[in-house]
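1. sharing a model prediction with you, sequence too.
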Amino acid sequence: MEEATTSSTPSKNPSYSDRDFRISKENLFMVIAKHMEEFPVKRLDIGKYERVGAVLVLPNDMIHAVDCSRNGVHGVARLLMAHQDNLKDCKVFVSRKPCSLCTKLLVQSKVKRVFYLPIEPEYDYLRREGKNDDDFADETSRVDELFKVSSIGQSVFVPRAGQDVTDVAESKAKTPKKDREAKQKYLMENKYWNDEWIKVAQLKLPWRAFDDNMRAQVYKDFESITEWMAHVLIKSEIGDSFEAVTRKESMSFDPCSNDLERRQAIHFMKLAFFLAERTDDPRKGVGAVIVNNCKDVVGLGWNGFPTKSLYGEFPRAADKDPPVEGRVDKKYSYIIHAEQNALLMRNTKNIVDSTLIVTMTPCDDCTPLIEMQGIKTVVLGEKMRRDTRGLMNFTKFPQWVDDKDDPIVCFELQKQPQSQERKADDDSSVKKGEIESARKQLFTKT
Ligand SMILES: [Zn+2]
Ligand SMILES: [Zn+2]
């Protein structure tokens, strides 16, 4: 009977009833894999191999872990070694086609499927440096042979974001068009599209179906995903330094005085902003990343309704929304916060002395959970809130940060004066239509 009453919808739709378009999980995972390639480290030490980022996804489609090549170990190998007890039937998203060493480990670990971008493979130095193509071809055939004899599927994955996805994201948080275009151009030219490589990609991957028409489509898809990425990155790049709200004698993570950790914190904050785009909260996306002392990501989460719940199963209205037909039930009791998801879905038991990087201040429900698990450092993507209004309160976190005896160490991302940062971007900004004309040129050349 409930059905009958709710079907007579109010005359004007409140915003929370909108069913938003958001980035699909697969596309997000591939974006994160590529993002992880840039994780700042002290020692890379992987020889001539291209750097690789990788994402491990459980059979139930939950993101389990992310890593990248560092300290002498390739990204895929690191991921598999760290999560050796949890690999069966997993999917692995890798930024590049893996080398034979990584493929060997993938095959042995019984993962189900491996996806990679159609950009230069991990072993691309063999092509760039080889006098002839033999070394590169040999490595390619070793990799393909390993995949062939195993039951693992390997697929080239071309990420894309529908225009509706980017439009919805943009309608929730506006970013300057000029900045977005400049950022997109940068991403295309430096991360995704290499003219010289893409011409030989058909033969090198191997990717038989990849003809001129498909090449044009891949370019378009890359443009769409980089436009979406540009939106998210600009949202996250409100500053590039942190201020300590509290300090301690010895700190496990210090993005204020340690420059490497500052850059790492920025990197994780961007990752958290990417995760936040998967929210199904109609108003506010929140992303959280938990990182241990070795800078391994041990937990990832965004805020949302219970996994696999369908649209409309739970109330979606916020405090500000008026009650509809006498119903005052609000979303707060049903949304699992990003911090709660990151803690629950974490990939290792002990996270004592880990650091939480989160786009928003933890609320009164989350703060005791964070502290109970031994997290003593929190990096915020905003100025610490101290609000007490509404159904969500932010009183405990600031109290515990202010605690004289045993404070939670807290850092805030510092907002940069807009003019400075924007100006830097302006210098490299694109003239209107430049991307479009570059694209036309590219496809008339051949
Ligand atoms: Zn490798
Ligand atoms: Zn919370």
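-> On my side now, so go ahead. Ligands and ions are numbered 1, 2, ... in the order given.

2. can you count the residues close to residue 172?
-> Residue 172: 17 surrounding residues under other Cβ atoms under 10 Å. From N, CA and C alone the C-beta is placed, and that goes for glycine too.

3. what of residue 333?
-> Residue 333: 9 neighbours (other Cβ under 10 Å).

4. and the gap between it and residue 187?
-> 39 Å (Cβ to Cβ, to the nearest Å).

5. close to ligand 1: what parts of the stretch 1-150 of the chain are there?
-> 74, 99, 101-102, 122 (Cβ under 5 Å from the ion).

6. quick one: which of these is most hemmed in?
-> residue 102 (30 neighbours).

7. could you list every residue that touches that one?
-> For residue 102, the contact set (Cβ atoms under 8 Å, 6 or more residues apart in numbering) comprises 52, 74-77, 94, 122.

8. mind checking which of the residues you listed land in strands?
-> With DSSP state E as the criterion, strands contain residue 94 from among these.

9. show me which of the contacts of residue 102 is closest to residue 379.
-> residue 75 (23.5 Å; Cβ to Cβ).

10. for ligand 1, what's the nearest residue on the stretch 101-250 of the chain?
-> residue 102 (3.4 Å; Cβ to the ion).

11. check what pLDDT that residue gets.
-> With respect to pLDDT, residue 102 scores 98.

12. with adjacent residues omitted, what lies nearest to it?
-> Among residues not flanking residue 102 along the chain, residue 76 sits closest, at 3.8 Å (Cβ to Cβ, 6 or more residues apart in numbering).

13. quick one, helices of the stretch 301-446 of the chain?
-> Applying DSSP state H, counting those that start in this stretch to the stretch 301-446 of the chain gives helices spanning 338-344, 366-372, 396-402, 418-427, 434-445.

14. rewinding a little: measure the residue of the stretch 101-250 of the chain closest to ligand 1 to ligand 2 for me?
-> 37 Å (Cβ to the ion, to the nearest Å).

15. quick one, longest helix in the protein?
-> helix 212-236 (DSSP state H).

16. quick one: strands adjacent to whichever helix or strand comes after that helix?
-> Heading C-terminal from helix 212-236, the first helix or strand you meet, by DSSP states H and E, is strand 242-244. Strand 242-244 has the following sheet partners, assigned by DSSP bridges: strand 409-413 (antiparallel).

17. how about the strands in the stretch 1-150 of the chain?
-> For the stretch 1-150 of the chain, the strands defined by DSSP state E, counting those that start in this stretch occupy 53-57, 63-68, 91-94, 113-116.

18. now the last one: mean pLDDT?
-> This points to strand 113-116. Per-residue pLDDT values over strand 113-116 give a mean of 97.

19. ditto for stretch 143-163
-> The model assigns stretch 143-163 a mean pLDDT of 94.

20. contacting residues around the residue nearest to residue 46 when sequence neighbours are not counted?
-> Nearest residue to residue 46, sequence neighbours excluded (Cβ to Cβ, 6+ apart): residue 69, at 4.8 Å. By Cβ under 8 Å, 6+ apart, residue 69 lies in contact with 37, 44, 46, 49, 51-53, 75, 78.
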